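Chemist: need a 3D model of the sequence below.
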Amino acid sequence: MLIKKYSIAILFIFPFLTFASCMNLKQPNPEIEYYSLEYNSPDFPGKERLPYFIKVEPFKVSPVYNTTHIIYQESAYKRDSYTYHRWAVNPADIVTYMFGRDLKNSGLFKGVMLPGERSREYTFRLGGMVDEFYELDGDKDWSGVLSLSISLIPEGKAKKAGMDVFQRSYSVSEKCEKKNPASLAQALSRAMEKISRQITGDLHTFIRQGMQG
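Modeler: The predicted model follows:
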């Protein structure tokens, strides 16, 4: 009699477990959302166009941010990442493209060659490092933090002219309007636009003074 009771119980439980298992298999996994930076290239009205070519090399990125995962910091010495929110490509690729595009669109130089483009003789070679690219979560506000280090190396006639290597670091923090990854992408877009404007202006001044001095 006891065996029958167990048998009946199993008959009732087994279909339920099978149904629940099928339901779990059919439940869609949460979709991963991808983000990038978006902004208009800075304008430089009134600045003269310099007759020099710059070759932009692929930027590198510090190990902590060498991933498509969106990194955030809530406390010192600790970094975490979102599970279902990611960058569309590695931050180094994002920054390389955005800055190269801005430098070309500035119209301040005779030519700007991006990675992958066929290189002719160029006057300067530019590379950089993405030092920081993350979300800083404070008690009251969240911010997007972007830090870059760049190196402009003279080649050809610039090298013959005895020009020095230009090296400088830049860092900008922009407040997120909301506490979510989309607002982070907007904040880092504003930060990238500001840094791009600063670097382009500094390069123009450095090259103009060095080649004409």
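Chemist: list of residues touching stretch 185-194?
Modeler: Applying Cβ atoms under 8 Å, 6 or more residues apart in numbering, the contact partners of stretch 185-194 are 35-40, 42, 95, 98-99, 133, 142-146, 172-177. Any C-beta I mention is one placed from the backbone N, CA and C, and that applies to glycine too.
Chemist: which of these fall within helices?
Modeler: Judged by DSSP state H, helices contain the following of those: Val95, Met98, Phe99.
Chemist: how about the contacts made by the first one?
Modeler: The contact partners of Val95, taken as Cβ under 8 Å, 6+ apart, are Phe59, Val61, Gly128, Val130, Phe133, Leu148, Met192.
Chemist: of the contacts of stretch 185-194, which belong to strands?
Modeler: Judged by DSSP state E, strands contain the following of those: Tyr35, Phe133, Trp142, Ser143, Gly144, Val145, Leu146, Val172, Ser173, Glu174, Lys175.
Chemist: buried among the residues you listed? Make that a PyMOL selection.
Modeler: The following PyMOL line selects those of these that are buried, judged by 16 or more other Cβ atoms under 10 Å:
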select buried, resi 35+133+142+143+144+145+146+172+174
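Chemist: how about the ones in strands among the contacts of stretch 185-194 in a markdown table, adding distance to Phe124 and pLDDT?
Modeler: Converted to a markdown table, the ones in strands among the contacts of stretch 185-194 look like this (distance: Cβ to Cβ, whole Å; pLDDT from 0 to 100):
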| residue | distance to Phe124 | pLDDT |
| --- | --- | --- |
| Tyr35 | 32 | 98 |
| Phe133 | 25 | 98 |
| Trp142 | 37 | 98 |
| Ser143 | 33 | 98 |
| Gly144 | 29 | 98 |
| Val145 | 28 | 98 |
| Leu146 | 23 | 98 |
| Val172 | 24 | 98 |
| Ser173 | 29 | 98 |
| Glu174 | 29 | 98 |
| Lys175 | 35 | 98 |
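Chemist: what's Lys160 sitting at in phi/psi?
Modeler: Dihedral angles of Lys160 (phi, psi; degrees, to the nearest 10) stand at phi -70, psi -30.
Chemist: quick one: it from Thr123, how far?
Modeler: Computed as Cβ to Cβ, to the nearest Å, the Lys160 to Thr123 distance reads 10 Å.
Chemist: and the two? Which one has more around it.
Modeler: Thr123 (23 against 9; other Cβ atoms under 10 Å).
Chemist: pretty sure the more buried one sits against Ile153.
Modeler: No - contact between Thr123 and Ile153 fails when scored by Cβ atoms under 8 Å: they sit 10.3 Å apart.
Chemist: quick one, phi psi at the residue nearest to Tyr34 when sequence neighbours are not counted?
Modeler: Closest residue to Tyr34 apart from its sequence neighbours, by Cβ to Cβ, 6 or more residues apart in numbering: Ala88 at 4.4 Å. Per-residue torsions, Ala88: phi -60, psi -40 (degrees, to the nearest 10).
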